[in-house]
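Visitor: Quick check, what structure comes out for this input:
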Amino acid sequence: MVNRLFTLMVMIGVPLSVVGSILHWSSTLMFIIYCLTIIALAGFMGRATESLAIVAGPRIGGLLNATFGNAVELIISIFALKAGLVGVVLASLTGSVIGNLLLVAGLSFFIGGLKFKRQEFNVYDARHNSGLLMFSVIVAFVIPEVFSMEMNEAKTLSLSVGISIILIVLYLAALFFRLVTHRGVYQQKSDVVEEHEEPEWSKGKAITILLLSTAAVAYVSENLVHTFEVVGEQFGWSELFIGVIIVAIVGNAAEHASAIIMAYKNKMNIAVEIAVGSTLQVAMFVAPVLVLLSLFFDQKMPLVFTLPELISMATAVLLTISITNDGDTNWFEGATLLAAYVIMGIGFYLL
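Guide: Residues are numbered from 1 along each chain as shown. Coordinates of the predicted model:
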């Protein structure tokens, strides 16, 4: 029933998105159409990811979902950088970090916990991710802010470029560690897929649907960005709030839906891999790539966030680590993460 509804929404939403953008329909109307279309496309990406996870395992499935989901945000951010909207790009990166760790993981733990009293996931992966989260967010993001106080713009940019290169190299090394040299070394029983479980789609079909869905989401998301200014004025949303909350939620809608679906089916390894893995990819790959790409634009983007953004990201990391390090979760822990996200959302709205 839900799959049929998503199919209908895609068949209607994608053409309406194209026609509406050409005919310049009302920004508020198009905002609603774009959001609903992205949600429907996210449903397709979730089904494709689940099929790939059954074939290739939860790590590959979660990684693919995070990658395709973040590709949308990367595309949006490149257009924003080209337009000189550095503040919006940095705010959207902040929103991705706190959104994945608090909103996505929180909803996954909460909804999954309502159906299952206790849900387990790979504790070794959780601890491995904890170290990377501490490094990528607290170390790599805080250091440029601290050192920039004693540097001019040129030196701050040079520091940001150097840190970006290190982050990318370490991220690639982390993938090599988990998928090649230590694949299966820290495997738990819950990682093993039951033999009778059959994927909905074949590997080729699932990858094709992921590619097509990502392309469609990228197109719709790019048009959605142009409605933010008008909608923001109507609802009283500031540029910072739009970047941290709205752009982040919409840009990551695909993995949001996928993680929640996986948690509801008690596939917590995939759900956690999507939420935390997407955060690591944003912090260690997407953000550094944007810093390096900004060198080719008129407006450069140093890896320097505002104090509220830094504190929010650091708090989200520490809270997530404290909740996930034991390898199991429940609905109350999900509610705790959601409460933290709402508090930060109120703060960014009032700034």
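Visitor: Next one: the residue nearest to residue 247 when sequence neighbours are not counted from residue 81, what distance?
Guide: Counting by C-beta to C-beta, 6 or more residues apart in numbering, residue 247 lies nearest to residue 92, which is 4.3 Å off, once chain neighbours are set aside. Every C-beta, even on glycine, is put in place using the N, C-alpha and C of the backbone. Applying C-beta to C-beta, to the nearest Å, the value for residue 92 to residue 81 is 11 Å.
Visitor: wait, isn't the residue nearest to residue 247 in contact with residue 248?
Guide: Yes - Residue 92 is within contact range of residue 248, at 5.5 Å (criterion: C-beta atoms under 8 Å).
Visitor: Contact partners for the residue nearest to residue 329 when sequence neighbours are not counted?
Guide: Of all residues not flanking residue 329 in the chain, residue 109 sits nearest, at 4.6 Å (C-beta to C-beta, 6+ apart). By C-beta atoms under 8 Å, 6 or more residues apart in numbering, the residues touching residue 109 are 119, 263, 323, 329, 330, 331, 333, 334, 337.
Visitor: Starting from residue 70, give me the distance back to residue 109.
Guide: For residue 109, the distance to residue 70 equals 21 Å [C-beta to C-beta].
Visitor: Show me which of residue 92 and residue 248 is the more surrounded one.
Guide: Taking other C-beta atoms under 10 Å, residue 92 and residue 248 do not tie; residue 92 has more neighbours (31 against 25).
Visitor: Show the average pLDDT along the host helix or strand of that one.
Guide: Taking DSSP states H and E as the criterion, residue 92 maps to helix 86-98. The average pLDDT within helix 86-98 is 88.
Visitor: Which parts of the stretch 51-200 of the chain are helices?
Guide: 58-82, 86-98, 105-115, 123-133, 140-148, 153-176 (DSSP state H, counting those that start in this stretch).
Visitor: how about a markdown table for the ones you listed, with distance to residue 232 added?
Guide: Listed next are the helices of the stretch 51-200 of the chain as a markdown table, based on distance: least, C-beta to C-beta, whole Å:
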| stretch | distance to residue 232 |
| --- | --- |
| helix 58-82 | 14 |
| helix 86-98 | 11 |
| helix 105-115 | 24 |
| helix 123-133 | 31 |
| helix 140-148 | 26 |
| helix 153-176 | 28 |
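Visitor: Mean neighbour count, these: which tops it?
Guide: Scoring the helices of the stretch 51-200 of the chain by mean neighbour count under mean count of other C-beta atoms under 10 Å gives helix 86-98 as the most buried, with a mean of 26.
Visitor: Compute the inter-axis angle for that one and helix 58-82.
Guide: Interaxial angle of helix 86-98 relative to helix 58-82 (axes from the mean of the first three to the mean of the last three C-alpha atoms, to 10 degrees): 160 degrees.
Visitor: Distance-wise, check residue 230 relative to residue 222.
Guide: Taking C-beta to C-beta, one finds residue 230 at 16 Å from residue 222.
Visitor: Quick check: residue 68 vs residue 207, distance?
Guide: For residue 68, the distance to residue 207 equals 10 Å [C-beta to C-beta].
Visitor: next one: residue 310
Guide: The value you get for residue 310 to residue 207, if C-beta to C-beta is used, is 37 Å.
Visitor: and these two? which has more neighbours close in?
Guide: When residue 310 and residue 207 are compared for neighbours, residue 310 comes out ahead with 19 against 16, by other C-beta under 10 Å.
Visitor: can you pull the contacts of that one?
Guide: If you count contacts by C-beta under 8 Å, 6+ apart, residue 310 has them with 141, 142, 145.
Visitor: what kind of secondary structure is it in?
Guide: Of the three states, residue 310 takes helix under DSSP: H, G, I helix; E, B strand; the rest coil.
Visitor: looking at it, residue 297 is touching residue 80, isn't it?
Guide: No - between residue 297 and residue 80 there is no contact under C-beta under 8 Å: 10.4 Å.
Visitor: What's the local residue count around residue 351?
Guide: For residue 351, the neighbour count with other C-beta under 10 Å is 11.
Visitor: Isn't it up against residue 308?
Guide: Yes - Residue 351 lies in contact with residue 308 (C-beta under 8 Å); the separation is 6.6 Å.
Visitor: Provide a list of residue ranges in the chain with pLDDT below threshold.
Guide: Applying pLDDT under 70 to the chain flags the ranges 1-2, 57-59, 61-62, 65, 69, 183-197, 251, 253-255.
Visitor: still on that earlier bit, would you put the C-alpha positions of the helix holding residue 92 in PDB?
Guide: Output of helix 86-98 as PDB, limited to C-alpha atoms (Å, rounded to 0.1, in the frame of the first residue of the first chain):
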ATOM      1  CA  VAL A  86      29.000  30.400   2.000                       C
ATOM      2  CA  GLY A  87      27.000  31.000   5.200                       C
ATOM      3  CA  VAL A  88      24.100  28.900   3.900                       C
ATOM      4  CA  VAL A  89      26.500  26.100   2.900                       C
ATOM      5  CA  LEU A  90      28.200  26.000   6.300                       C
ATOM      6  CA  ALA A  91      24.800  26.100   8.000                       C
ATOM      7  CA  SER A  92      23.500  23.200   5.900                       C
ATOM      8  CA  LEU A  93      26.600  21.100   6.800                       C
ATOM      9  CA  THR A  94      25.900  21.900  10.500                       C
ATOM     10  CA  GLY A  95      22.300  20.800   9.900                       C
ATOM     11  CA  SER A  96      23.400  17.600   8.200                       C
ATOM     12  CA  VAL A  97      25.500  16.600  11.200                       C
ATOM     13  CA  ILE A  98      23.000  17.400  13.900                       C
END
